[in-house]
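>>> What follows is a predicted structure for the sequence shown.
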Amino acid sequence: MTLHALLFDVDGTLADTERDGHRPAFNQAFAEAGLDWHWDVALYGKLLAVTGGKERMKHYIDHYRPDYRKPADFDAVVANLHKAKTRHYVELAARGAIPMRPGVRRLLTEARAAGLRLAIATTTTPENVTVLLEHSLGPGTQDWFEVIAAGDIVPAKKPAPDIYAYAMRNMGVSPAECLAFEDSENGLRASLAAGLKTLVTVNDYTLDHDFTGAAAVLSDLGDPGAPNRVVAGPDLGQSFVDVAYLRALHAG
Ligand code: XBP
Ligand code: MG
């Protein structure tokens, strides 16, 4: 089956959003609400085991704050905290403070030129994606993606395959003609469960995740003059990922 479409995760894959984007935004929301909660870099790494910001806050309360007494309107409290967190994240991303990872802009540009169809499949909130694309990838770049599947649009977040299934259904493509891009174990479990061959680029938070089943695990996409490193999987004799590499990986 020929490769026709590329499906991208956002957080950790297109950009390193977690440590210096989502994490400080959560902390700002907590401080603003008068809560003494603070997620440092190490704790946040543990909390990333749970995808989804609202789900992550509930997990934190259940596992790290036995002192917290849940009010009757607990879900609304969490939803409001999450709204504030999104506001802070959007402000940060709108300043262009979160750069794309190496090779991302180049590969997306080359893929478009080669006629590959693009989509996004992420657990994060939709406005977080559009603001990041607009200010870090460039004005109008959200139009590069046929479908931006994000957040609560499906009830079960990654590692469930639902968000990938949703994106493919909307594009009218089958898993066999697609390649997914992920950075984390939860993301890979989601894409594999959706039947997708998956290219993983790791980051500091996901280096030691279990990537069994990935088509390849790379340090990053690389660029001409800035070679990447193969962490696991085939060495296709290229120092950066381009469309030829993707076609070879997909065919392999
Ligand atoms: C991303 C996430 C998200 C973000 C926060 O996972 O887990 O929860 O950390 O986003 P993936 P929201 O990269 O696997 O999609 O606060 O908007 O939920
Ligand atoms: Mg991710």
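Looks like it arrived, so ask away. Ligands and ions are numbered 1, 2, ... in the order given.
>>> pretty sure residue 119 is in a strand, no?
Yes: judged by DSSP: H, G, I helix; E, B strand; the rest coil, residue 119 forms part of a strand.
>>> ok, now which ones touch it?
If a contact means Cβ atoms under 8 Å, 6 or more residues apart in numbering, then residue 119 has 5-8, 145-149, 167, 170-171 as its contacts. Bear in mind the C-beta positions are built from the backbone N, C-alpha and C, glycine included.
>>> The same query, at a cut-off of 6 Å, please.
7, 145-147, 167, 171 (Cβ atoms under 6 Å, 6 or more residues apart in numbering).
>>> out of those residues, who's nearest ligand 2?
The shortest gap between ligand 2 and any of these belongs to residue 7, at 12.3 Å (Cβ to the ion).
>>> So that closest one: helix, strand or coil?
Going by three-state DSSP: residue 7 is strand.
>>> Tell me if I'm right that it and residue 121 touch.
Yes: with contact defined as Cβ atoms under 6 Å, residue 7 counts as touching residue 121 (5.2 Å).
>>> what residues do these two have in common as contacts?
With Cβ under 6 Å, 6+ apart as the test, residue 7 and residue 121 both reach residue 167.
>>> Could you check how many residues crowd around residue 227?
When neighbours are defined as other Cβ atoms under 10 Å, residue 227 has 12 of them.
>>> quick one: it and residue 71, what's the gap?
As judged by Cβ to Cβ, to the nearest Å, residue 227 and residue 71 stand 53 Å apart.
>>> do residue 241 as well
Relative to residue 71, and taking Cβ to Cβ, residue 241 is found at 48 Å.
>>> Neighbour count: the two, which is higher?
Here residue 241 and residue 71 are compared on neighbour count by other Cβ under 10 Å; more neighbours surround residue 241, at 26 against 9.
>>> got a pLDDT number for the more buried one?
Looking at residue 241, its pLDDT stands at 98.
>>> Repeat that for residue 5.
98.
>>> That one contacts residue 175, correct?
No: taking Cβ under 6 Å as the definition, residue 5 is not a contact partner of residue 175, at 9.8 Å.
>>> more crowded one of these two?
Comparing residue 5 with residue 175 by neighbour count (other Cβ under 10 Å), the higher total belongs to residue 5, at 23 against 20.
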